[in-house]
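Have a look at this prediction, sequence included:
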Amino acid sequence: MTQTFAIRDEFIPFSPPLIEADDIAGVVDTLSTDWITTGPKTRRFQEVFCETYGAPAALAVNSCTAGLHVALVVLGVGPGDEVITVSHTFCATANVIEHVGAKPVLVDIEPETMNMDPAAFEAAITPRTKAVIPVHYAGHSAEMDTINAIAKKHGIHVIEDAAHPISGKYKGAFVGSSENPTSFSFYATKNLTTAEGGMLTGTPEFIEKARVVHLHGMSKDALKRYEKGGSWKYEVVLPGFKYNMTDLQAALGLTQLAKLDRFQARRREVVSQYSKALGDHPAFTIPVEKPEVESSWHLYVLRLNLDQLTIDRDQFIDELKERNVGTSVHYISVHLHPFYAQKYGFSPESLPVTWDTYNRIISLPLNVRITDEEVAYVIGALKDIAAKYTR
């Protein structure tokens with residue numbers, strides 16, 4: 001006799017943050033000081049980030065998007081230039097290219113890792129190519145040795161979109177430890193959160209230029225002007241942006257960073273449970289982790305084998321909702337959005353691997369707060385739906 005799947009009453013959210021007593025105390029302590037905007041805690045957050053991940057230098061910003069935008073500006077990317085990136089990413093990766101007046105050239109991904117296909121990158125290079133932005137999707141590093149080598153051969157800047165891979169490694173080195181400009185995200189759903197925020201890393205020379213660009217083009221920030229011994233005088237040397245992180249955010253970042261190893265260990269436990277239970281199921285393809293990569297496991301992206309099912313991905317998500325399981329889709333491919341499709345003439349099939357991937361992906365609940373019981377329930381729900389709609 002077939003056992004009926006029992007639907008739980010409580011909803012399992014996709015990715016809530018874990019804010020603990022020390023996080024709250026750090027923010028409250030900041031509120032009691034003279035600095036709540038960019039100040040000593042922001043400076044300390046930058047220093048600790050570099051110490052932890054081996055970054056040459058770092059600049060705290062108000063989003064990963066801001067970091068990518070600043071990097072393009074510092075590198076002189078502008079009208080008439082082309083920047084190669086993937087469509088399999090959040091729209092911000094392409095939007096910042098538009099912001100500087102350049103053309104985003106979208107290329108396809110590897111089926112296995114869902115990261116930039118280096119061969120597709122090289123095939124897309126033209127005399128107008130100024131930069132490439134590989135995305136470390138879901139926390140798994142892109143094939144950076146090959147991408148860097150291709151870029152060096154053609155004289156192209158490399159800017160890494162590291163919205164996902166904080167604490168992740170490629171060939172034993174942390175993402176962000178190279179000289180490539182690299183932008184991280186600390187959004188509310190990320191492995192480490194400052195609610196909103198990010199970090200831009202790169203060489204000391206690059207970061208000094210970025211520091212001017214990210215705050216109105218001013219020669220000195222508020223801390224240098226108003227701390228003891230500072231001077232109120234400053235100069236605007238270019239029309240910069242308002243992209244600074246506050247000490248309130250940095251206070252949260254410091255406490256979160258101090259316990260990120262614990263957070264990561266729990267993520268790996270959840271990933272192991274998912275992969276062990278779903279790896280051999282004919283309806284599912286589980287995510288990979290290559291031997292040379294240590295993924296941060298920001299996302300657990302399950303791919304449906306639609307030839308085994310009588311429903312599509314959207315219907316599958318609806319079935320999970322009915323079973324009180326929260327999921328997401330990362331992402332609606334850039335070339336499918338009306339602005340990019342209409343401006344550059346994309347059809348869904350323009351990037352066949354990306355299109356196939358988009359139609360099959362579901363991001364499962366993966367966060368530090370999820371319990372083993374909830375993980376088992378999600379697995380049971382997935383198997384129940386697959387059995388109900390097996391082809």
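Yep, it's here. This is a predicted model, so every value here is computed, not measured.

measure stretch 182-192 end to end?
End-to-end span of stretch 182-192 (C-alpha to C-alpha, to the nearest Å): 16 Å.

What residues of it count as buried?
Neighbour counts over stretch 182-192 (16 or more other C-beta atoms under 10 Å) mark 182-187, 189-192 as buried. To be clear about C-beta, it is placed using only N, CA and C from the backbone, and glycine gets the same treatment.

Rounded mean pLDDT for that stretch, please.
Taken as a whole, stretch 182-192 has a mean pLDDT of 98.

How far away from the center of its chain is it?
When C-alpha coordinates are averaged (C-alpha atoms, centre = their mean, to the nearest Å), stretch 182-192 and its chain have centres 6 Å apart.

Downstream of the one helix or strand residue 302 maps to, the next helix or strand is which one?
If you go by DSSP states H and E, residue 302 is part of strand 301-304. Next in sequence after strand 301-304, counting helices and strands by DSSP H and E, comes helix 313-322.

Against which helices or strands is that next one packed?
Judged by 3 or more C-beta pairs under 8 Å, 6 or more residues apart in numbering; DSSP states H and E, helix 313-322 is in contact with strand 361-363, helix 372-388.

Return the list of helices and strands in contact with the last one.
Contacts defined by 3+ C-beta pairs under 8 Å, 6+ apart place helix 372-388 against helix 260-278, helix 313-322.

tell me the mean pLDDT over the last one?
Read that as helix 313-322. Helix 313-322 comes out with an average pLDDT of 98.

in that helix, what counts as buried?
Across helix 313-322, burial judged by 16+ other C-beta under 10 Å covers 313, 316-317, 319-320.

Beyond it, next helix or strand please.
Next element after helix 313-322 (DSSP H and E): helix 338-344.

now swap in the first one and tell me
The helix or strand immediately downstream of helix 260-278 is strand 284-285, counting by DSSP H and E.

for the one helix or strand residue 200 maps to, packing partners?
Residue 200 is located in strand 198-202, with elements delineated by DSSP H and E. Taking 3+ C-beta pairs under 8 Å, 6+ apart as contact, the helices and strands that strand 198-202 lies on are helix 40-53, strand 57-61, helix 64-74, strand 182-185, helix 204-213.

again, 6 Å this time
On a contact count with 3 or more C-beta pairs under 6 Å, 6 or more residues apart in numbering; DSSP states H and E, strand 198-202 meets strand 57-61, helix 64-74, strand 182-185.

re earlier: tell me how far the strand holding residue 302 lies from the chain's centre.
Once both centres are worked out by C-alpha atoms, centre = their mean, strand 301-304 turns out to sit 18 Å from its chain's centre.

Name the residues that touch it?
Strand 301-304 is contacted from outside by 138, 284-285, 287, 313, 360-364, using C-beta atoms under 6 Å, 6 or more residues apart in numbering.

Starting from that strand, tell me which strands it pairs with and how they run.
Sheet pairing of strand 301-304 (DSSP bridges) gives strand 284-285 (antiparallel), strand 361-363 (antiparallel).

want to throw those strands into JSON lines with mean pLDDT?
JSON lines is the format used below for the strands paired with strand 301-304 (pLDDT from 0 to 100):
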{"stretch": "strand 284-285", "mean pLDDT": "98"}
{"stretch": "strand 361-363", "mean pLDDT": "98"}
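
Quick one: the ones you listed as TSV, columns for mean neighbour count and distance to residue 108 too.
Listed next are those as TSV, based on neighbours: other C-beta atoms under 10 Å; distance: least, C-beta to C-beta, whole Å:
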stretch	mean neighbour count	distance to residue 108
strand 284-285	20	18
strand 361-363	22	15
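
Make a markdown table from those strands and add distance to residue 242 to it.
Output for the strands paired with strand 301-304, formatted as a markdown table (distance: least, C-beta to C-beta, whole Å):
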| stretch | distance to residue 242 |
| --- | --- |
| strand 284-285 | 43 |
| strand 361-363 | 31 |
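
I'd like to know which of these lies nearest to residue 156.
The closest of the strands paired with strand 301-304 to residue 156 is strand 361-363. By C-beta to C-beta, the value is 29.0 Å.

pLDDT below threshold where in the stretch 101-250 of the chain?
220-227 (pLDDT under 70).

can you give me the strands in it?
In the stretch 101-250 of the chain, the segments counted as strands under DSSP state E, counting those that start in this stretch are 103-107, 129-133, 157-158, 160-162, 169-170, 173-174, 182-185, 198-202.

now for those strands, which one comes closest to residue 74?
Nearest to residue 74 among the strands of the stretch 101-250 of the chain is strand 198-202 (8.5 Å), distances taken as C-beta to C-beta.
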